[in-house]
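In: Could you work out the structure for the sequence below:
(2 chains)
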Amino acid sequence: MSKFLNYTLLIFLFFYVNIAKSFSDNLKMSEATIQQMIIEAQKHAISTIKLEPDERSKKITLLIKKYINLDFMCKATTGTFWKKASETQREKYKTALLNQIVLAIEEHLNTLATLSYKPTKSEKRGKKLIYVRGIIEDPNKKKPNVNLLWKLAANKNGSFLILDLEIEGISLVSSQKAETVSVLRKNRGDFDILLMKMSKDK
Amino acid sequence: MTKKYKFLFIKFIIAAFILNGCSSSTKLVSENKDPFEKMNRNVFQFNKYVDQKIISPISKTYVKKIPTKIRSSVSNHLEWMDTPSTIINSALQTDMENTILASAKFLLNGLTLGFYDLDKGETIIKKKDFGSTLASLYVSEGPFLMVPFIGPKTTRDLTGTILDRQNMSTLSPNSIDDLYLAEIPINMIDKRSKMSKTIDNIYLSTDPYIKVRTIYLQNRRNEIYSKNYIENKNNNLDAEFEKLLD
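Out: You can find the predicted model right below:
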């Protein structure tokens, strides 16, 4: 009986240690992904400052594609309307959303190069999600600190991709979803009108 | 209790009851309730027109002509003028740490009439207003409103803003009251100059009204609700995200 108990305990410990290790590995990998992205973005900001705007945008697009889960963001920002969209409309929406993200990042890229990022805490949420919290600080202390929360999940290859970013509690996915769904609802789910409006924004 | 304090107390009680009556549920946070959307959109258009024709050009000139140091002094002074409201509301919300810190900072910066931050931003104070006090008393936020010249508010926050102003004028002498009136347009220009890029970007978005509403509500709820609310919100979003990842 005691042998059985010992084996059970050993098996339990083995699984516990492995699960705990995989959790902490995932947390470390997520944190490293964010750190790496920030470093690359800051490098980009400096190295691309003299490039033509189009060239700069292309480079930033590549960087963003590497780190965000665009397919997920498209689904999350369109809600139930995503299922009704055709393949072409989905592709066009993906490009339009990516352009919007690129534009938003381009605007803040030069400022980002002067600030420093510090990870504060990361936690596993549910089965797949990982939260990585951090703050953006101004080394000269002229600007207030900005709290960031990155939401990540592993893709099929095992690398972590960003699903959403909350800046001071404001979720980018939720904000975009509110806007997109409002336009789609008003136009009875017509994706073409949404795409037209999004291209006008640009 | 003097007559003016009695009046203040009665106003507070009435406002709390009116707002409680407005809410259809006892839930802390409703979904984006916007029964006046059509009217709100018209007011938004009006505010946008005023902003683009008057406030934005003035704020651009203000940024161009006035040196950064003077602008930051003006910002500091405006923030300092708002501190009494934070002190009173922190006390009402029994947040003693914030009350003490805000009082100390108010007194310290009072040496320069708030134009210079002697504390150099070391003490972080949570801004509190009457809207957040009402929230701490479980008054529901009520429908979303777009107020002319003021911008986005919930019914509860609008009541809070009005009561905040009234409280200050009740508690302060007439000269200070006049100063508060002069402060409003300066505050508008100062805030516009600080958020110029953000506001201009909002105007370029697919539905600027919805963007303003969602950003305002998310920001406001994060400011005034406890960790429980944020945890609940995150749990709901997590469930939605996990479903999409499957």
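In: all contacts plus neighbour counts: C-alpha atoms, from now on.
Out: Will do.
In: Pull out the buried residues from the lengthiest helix in chain B.
Out: For chain B, the helix that runs over the most residues, judged by DSSP state H, is helix B:68-92. Residues of helix B:68-92 classed as buried: B:71, B:74-92 (neighbour count, 16 or more other CA atoms under 10 Å in any protein chain shown).
In: continuing past that helix, what's the next helix or strand?
Out: The helix or strand immediately downstream of helix B:68-92 is helix B:96-110, counting by DSSP states H and E.
In: got a list of contacts for that following helix?
Out: Residues from elsewhere that reach helix B:96-110 (CA atoms under 8 Å, 6 or more residues apart in numbering or on different chains): B:80, B:83-84, B:86-88, B:90-91, B:114-119, B:123, B:125-126.
In: The longest helix of chain B near chain A at all?
Out: No. Using CA under 8 Å from any CA of the partner chain, helix B:68-92 stays clear of chain A, coming no nearer than 10.2 Å.
In: where exactly do the helices run in chain A?
Out: A:2-47, A:53-67, A:70-78, A:81-84, A:87-114, A:172-186, A:191-201.
In: Mean pLDDT and distance to chain B added to those, as JSON lines?
Out: Shown next, in JSON lines, are these (pLDDT from 0 to 100; distance: least, CA to the nearest CA, whole Å):
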{"stretch": "helix A:2-47", "mean pLDDT": "76", "distance to chain B": "17"}
{"stretch": "helix A:53-67", "mean pLDDT": "86", "distance to chain B": "16"}
{"stretch": "helix A:70-78", "mean pLDDT": "94", "distance to chain B": "7"}
{"stretch": "helix A:81-84", "mean pLDDT": "92", "distance to chain B": "11"}
{"stretch": "helix A:87-114", "mean pLDDT": "87", "distance to chain B": "9"}
{"stretch": "helix A:172-186", "mean pLDDT": "93", "distance to chain B": "6"}
{"stretch": "helix A:191-201", "mean pLDDT": "86", "distance to chain B": "5"}
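In: Just put those in JSON lines and tack on mean neighbour count.
Out: Shown next, in JSON lines, are the helices of chain A (neighbours: other CA atoms under 10 Å in any protein chain shown):
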{"stretch": "helix A:2-47", "mean neighbour count": "14"}
{"stretch": "helix A:53-67", "mean neighbour count": "15"}
{"stretch": "helix A:70-78", "mean neighbour count": "20"}
{"stretch": "helix A:81-84", "mean neighbour count": "14"}
{"stretch": "helix A:87-114", "mean neighbour count": "16"}
{"stretch": "helix A:172-186", "mean neighbour count": "18"}
{"stretch": "helix A:191-201", "mean neighbour count": "17"}
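In: closest one to residue B:232 among those?
Out: Nearest to residue B:232 among the helices of chain A is helix A:172-186 (15.0 Å), distances taken as CA to CA.
In: I'd like to know which elements the closest one is packed against.
Out: helix A:70-78, strand A:160-167, helix A:191-201, helix B:208-224 (3 or more CA pairs under 8 Å, 6 or more residues apart in numbering or on different chains; DSSP states H and E).
In: Contacts for that helix next, please.
Out: A:73, A:76-79, A:81, A:164-166, A:190-191, A:193-194, B:206-207, B:210-211, B:214-215.
In: So what's the gap between it and the chain middle?
Out: In terms of CA atoms, centre = their mean, to the nearest Å, the centre of helix A:172-186 is found 18 Å from the chain centre.
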